[in-house]
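In: sequence plus the predicted model coming up.
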Amino acid sequence: MSRLVDLSHVVHDGLVTYRGLPAPKVSEYLGYAESRGRYAPGTTFHIGRIEMIANTGTYVDAPAHRFEGRADVAALPLESVADLSGVVIDTPAAGARAIDAGALAGRELRGRAVLFRTGWSRHFGTDAYALGHPFVTEDAARALVAAGAALVGIDSFNIDDTADLRRPAHTALLDAGIPVCEHLAGLEALPREGFRFFAVPPPMRGLGTFTVRAFAILGG
């Protein structure tokens, strides 16, 4: 029997995903009461409206997020974000923040979604989420590229150390065409291997990042 595991944060009005960026505004375009006059008696509909930046909730970065003129979210091949064999890397060590290439030793990564399980998602929605978060080092990012990872995800505030304005992990991975999935949730429910991973954004032209419903399929 297969089982679905949700790996996304819920998007709602006022959600703060990334400190300093505006929260989404969720409202009504057409409410049930207003719609009564448009349809047959007893028939009502609701149409919502949302105003938000692309970096909201759990999202995927395409190469255009980092490099002008490169592939946007609409250009991501489905096989780069869907039905990928997944592998979980448990990091970092207690009291550490940096995830270096040593964390990848002995793991088969080629063609797989590599998900870093740091446990930091427990702070999501609080001020602590943005402070002292775990991140992937430049050497680890380059090792992921060399190993042929298909996608890289993390349950942390950013895959890079936000104090490093070069953003070396984003740079190495996106330059190699490897999508990055940030702000994952629920990774504690996954085994280290033996699952399929999905993080599919709608085909939004002109955007380098967009919100996804990330999930895994176990067993089957």
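Out: Now that the structure is in, tell me what you want to look at.
In: remind me, longest helix of the protein?
Out: If you go by DSSP state H, the chain has its longest helix at helix 138-147.
In: buried residues, that one. List them.
Out: 138-145, 147 (16 or more other Cβ atoms under 10 Å). Heads up, the C-betas are built off the backbone N, CA and C, glycines and all.
In: outside of the helix or strand following it, which residues touch it?
Out: Using DSSP states H and E, the helix or strand that follows helix 138-147 in sequence is strand 151-154. Defining contact as Cβ atoms under 8 Å, 6 or more residues apart in numbering, one finds that strand 151-154 is touched by 80-81, 84, 112-116, 118, 134-136, 141, 144, 159, 173, 178-182, 184, 197, 199, 214.
In: among the residues you listed, which ones are in helices?
Out: Counting by DSSP H, the contacts of strand 151-154 contribute 141, 144, 173 to helices.
In: for the residue lying closest to residue 181 once chain neighbours are set aside, name its beta-bridge partners.
Out: With Cβ to Cβ, 6 or more residues apart in numbering as the criterion, residue 181 has its nearest non-adjacent residue at 3.6 Å, and that residue is residue 153. Beta bridges link residue 153 to residue 115, residue 181 when assigned by DSSP bridges.
In: give me the pLDDT for residue 153.
Out: On the pLDDT scale, residue 153 is placed at 98.
In: neighbours of it, just the number please.
Out: Burial measure for residue 153: 26 neighbouring residues, criterion other Cβ atoms under 10 Å.
In: how close does it sit to residue 47?
Out: 32 Å (Cβ to Cβ, to the nearest Å).
In: put the alpha carbons of stretch 78-94 into PDB.
Out: Only the C-alpha atoms of stretch 78-94 are listed here, as PDB (Å, rounded to 0.1, in the frame of the first residue of the first chain):
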ATOM      1  CA  LEU A  78       8.100  18.000 -15.300                       C
ATOM      2  CA  GLU A  79      10.700  15.200 -14.900                       C
ATOM      3  CA  SER A  80      12.900  17.700 -12.900                       C
ATOM      4  CA  VAL A  81      10.200  18.300 -10.200                       C
ATOM      5  CA  ALA A  82       7.900  15.200 -10.300                       C
ATOM      6  CA  ASP A  83       8.100  11.500  -9.600                       C
ATOM      7  CA  LEU A  84      11.700  11.700  -8.500                       C
ATOM      8  CA  SER A  85      13.400   9.000  -6.400                       C
ATOM      9  CA  GLY A  86      14.100  10.700  -3.100                       C
ATOM     10  CA  VAL A  87      16.900  10.500  -0.600                       C
ATOM     11  CA  VAL A  88      16.900  12.200   2.800                       C
ATOM     12  CA  ILE A  89      20.200  13.600   4.300                       C
ATOM     13  CA  ASP A  90      20.000  14.100   8.100                       C
ATOM     14  CA  THR A  91      21.900  17.300   9.000                       C
ATOM     15  CA  PRO A  92      23.500  19.200  10.600                       C
ATOM     16  CA  ALA A  93      25.200  17.800  13.700                       C
ATOM     17  CA  ALA A  94      23.900  19.100  17.000                       C
END
